[in-house]
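Visitor: Just to be clear, the model below is a prediction. Sequence and coordinates:
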Amino acid sequence: MLETLARLPLVFEAHHGRADEDVRFLARAAGHSALFFRDAVILRSGAAEVRMKLAGADPGAIRLAFEGADRLRLTPEGDLSVEAGGIGFLQREPRIYQEVAGKRRPVEGGYALGSGNEVTFEIAGYDTAGNVYITGNTFSRDFPLMRAAQSTLRSRDEFVAKLNPTGSALIYSTYLGGSGWDHGNAIAVDAEGNAYVAGDVDSNNFPVRNALTLTMDVTLTNDRGHESNPLIAVFQTQ
């Protein structure tokens with residue numbers, strides 16, 4: 001249906017009492033219409049009608065309900081395919097972002113099929129306050145620190161830092177490493193602001209707490225051609 005509507009000369013207009021009083025905007029063409037409510041959309045093409053309703057602001061609570069749809073499926077490209085009344089249309093992959101300081105930061109995610117004719121969203125973790133998280137490695141003994149879990153550089157150490165949304169101030173920043181070369185390669189964050197760091201460790205005296213293992217018994221060859229051990233560290237909200 002959307003493919004059909006996309007080819008029509010639709011004109012959007014504000015609602016002025018010619019349809020249901022709850023309609024905010026509408027678009028019409030011969031045999032087709034789209035009605036936009038505050039929390040829902042109705043698409044009509046001939047006798048077929050599909051209703052989509054937004055049922056919450058929390059990403060985890062959002063549901064799109066396709067009443068009258070015969071089949072829903074996800075394409076390899078992440079689009080949502082909807083079949084109703086013998087016709088079908090594609091709802092393109094959603095563009096998900098977080099607006100921080102007037103700028104849009106992309107957030108990974110997409111559609112997920114829920115129960116019945118409902119569609120939900122799977123969204124990667126992100127800091128709801130818009131803070132910035134960075135990891136890497138450093139030789140610098142004067143690296144800027146703030147509320148550091150480790151304040152001394154031991155060799156070539158990993159660092160983990162959290163900055164405010166504008167990047168103008170540190171919330172925390174710390175070294176993390178032992179006597180060998182240790183590297184932070186990736187970082188992710190959940191909605192509570194806990195940071196999850198992945199990397200590799202050369203140090204046999206790497207600092208650990210609540211560790212799953214205390215021995216370096218999983219050896220991998222990293223991208224620098226050195227043998228090292230994988231690292232996963234969690235920094236709780238501060």
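Guide: That came through, no problem.
Visitor: going forward, measure contacts between C-alpha atoms and count neighbours the same way
Guide: Noted.
Visitor: What segments of the protein are helices?
Guide: With DSSP state H, the ranges of helices along the chain come out as 2-6.
Visitor: what sits against the nearest residue to residue 187 once chain neighbours are set aside?
Guide: Once flanking residues are discounted, residue 187 sits nearest to residue 197: 4.5 Å by C-alpha to C-alpha, 6 or more residues apart in numbering. By C-alpha atoms under 8 Å, 6 or more residues apart in numbering, the residues touching residue 197 are 135, 184-188, 231-234.
Visitor: Need those in CSV (columns: neighbour count).
Guide: Formatted as CSV, the contacts of residue 197 follow (neighbours: other C-alpha atoms under 10 Å):
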residue, neighbour count
135, 22
184, 24
185, 15
186, 14
187, 18
188, 18
231, 15
232, 15
233, 16
234, 14
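Visitor: In this structure residue 203 contacts residue 176, no?
Guide: No - applying C-alpha atoms under 8 Å as the test, residue 203 and residue 176 come out as separate, 10.7 Å apart.
Visitor: tell me the domain ranges of this structure?
Guide: 39-123, 132-235 (automatic domain parsing).
Visitor: Now tabulate those in a markdown table and tack on distance to residue 31 and mean pLDDT.
Guide: Listed next are these as a markdown table, based on distance: least, C-alpha to C-alpha, whole Å; pLDDT from 0 to 100:
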| stretch | distance to residue 31 | mean pLDDT |
| --- | --- | --- |
| domain 39-123 | 5 | 80 |
| domain 132-235 | 44 | 83 |
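Visitor: Quick check: the gap between the nearest residue to residue 91 once chain neighbours are set aside and residue 106.
Guide: Nearest non-adjacent residue to residue 91, counting by C-alpha to C-alpha, 6+ apart: residue 80, 4.9 Å away. Relative to residue 106, residue 80 is positioned 20 Å away (C-alpha to C-alpha, to the nearest Å).
Visitor: ok, those two, which is more surrounded?
Guide: Counting neighbours by other C-alpha atoms under 10 Å for residue 80 and for residue 106 shows that residue 80 has the greater number, 22 against 12.
Visitor: Contact partners for that one?
Guide: 72-74, 90-93, 111.
Visitor: cutoff 6 Å now
Guide: 73-74, 90-91 (C-alpha atoms under 6 Å, 6 or more residues apart in numbering).
Visitor: how about a markdown table for those residues, with distance to residue 64 and neighbour count added?
Guide: As requested, those are exported to a markdown table (distance: C-alpha to C-alpha, whole Å; neighbours: other C-alpha atoms under 10 Å):
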| residue | distance to residue 64 | neighbour count |
| --- | --- | --- |
| 73 | 13 | 16 |
| 74 | 14 | 17 |
| 90 | 14 | 17 |
| 91 | 11 | 15 |
